[in-house]
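Trainee: pasting the sequence and the predicted model now:
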Amino acid sequence: MNKTSRAIFLDRDGTINVDDDSISNIDNWVFCDKAPEALKMLQDAGYKLIVITNQGGIDAGKYTLEDMQRVHAHMHAELAKSGVKLDAVAYCPHIDECECRKPKAGMLDQVRDLIADVDMSQSWMIGDKEADVGFGKKAKVQTALIPSRYWDKERLLIEPDLYVDSLYEFAQQITSK
Ligand SMILES: [Mg+2]
Ligand SMILES: [Zn+2]
């Protein structure tokens, strides 16, 4: 198949929504500044939007799969108000050894059909943890890292291709090229 599509792989917590440790209730859902606008810009630029999220809180018993699904339904509904349609939301519910928890790239298996025509070299992963960068490297996409309490530049073992202050700044940079 010709690889004519491009995709943005997106971390969820701390990238799309404000990271509130473990969001199990839609009342705690707050978008990062201008995140819906950013996603709309990327969608309009022709990128598939694929969320790749570690939700180990499920196996840890902090919240249930149904809680997460309610949160995702809320995310989809709120984004729809901005004209955004996410192409897929892949998640890893595990905390122990598994093949899908970022920085591993096993979550790609959940979106195999969707990425069959995606040129990974023209695609990106954006997140707020080093594990997101690690995922991106394994997926062979370009990587962007957002500031968070989880990393500092001196201690990074894997360097992203791009540092940006937010998903919105990322969208501005990517779509102005
Ligand atoms: Mg995150
Ligand atoms: Zn997993």
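Mentor: Sure, I can see it. As the structure is a prediction and not an experimental result, all values here were calculated from the model. Ligands and ions are numbered 1, 2, ... in the order given.
Trainee: hmm, Thr4 is touching Ser123, no?
Mentor: No: between Thr4 and Ser123 there is no contact under Cβ atoms under 8 Å: 12.0 Å. Using the backbone N, CA and C atoms, a C-beta is placed for each residue, glycine as well.
Trainee: look at these two and report which has more neighbours.
Mentor: Ser123 (22 against 10; other Cβ atoms under 10 Å).
Trainee: pairing partners for the longest strand seen in the chain, with directions?
Mentor: Ranked by number of residues, the top strand in the chain under DSSP state E is strand 47-54. Under the criterion DSSP bridges, strand 47-54 sits next to strand 6-10 (parallel), strand 88-92 (parallel) in its sheet.
Trainee: C-alpha coordinates for the next helix or strand after the last one, CSV please?
Mentor: Note on strand 88-92: by DSSP states H and E, the next helix or strand toward the C-terminus is strand 124-127. Listed next in CSV are the C-alpha coordinates belonging to strand 124-127 (Å, rounded to 0.1, in the frame of the first residue of the first chain):
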residue,chain,number,x,y,z
TRP,A,124,4.9,12.6,15.0
MET,A,125,4.5,11.5,18.6
ILE,A,126,3.9,14.2,21.1
GLY,A,127,3.8,13.8,24.9
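Trainee: buried sites along strand 124-127?
Mentor: Judged by neighbour count using 16 or more other Cβ atoms under 10 Å, the buried positions of strand 124-127 are 124-127.
Trainee: tell me what the helix ranked longest in the chain is packed against?
Mentor: The longest helix of the chain (DSSP state H) is helix 65-80. Counting contacts by 3 or more Cβ pairs under 8 Å, 6 or more residues apart in numbering; DSSP states H and E, helix 65-80 packs against helix 35-44, strand 88-92.
Trainee: please redo it, this time with the cut-off set to 10 Å
Mentor: Counting contacts by 3 or more Cβ pairs under 10 Å, 6 or more residues apart in numbering; DSSP states H and E, helix 65-80 packs against helix 35-44, strand 47-54, strand 88-92.
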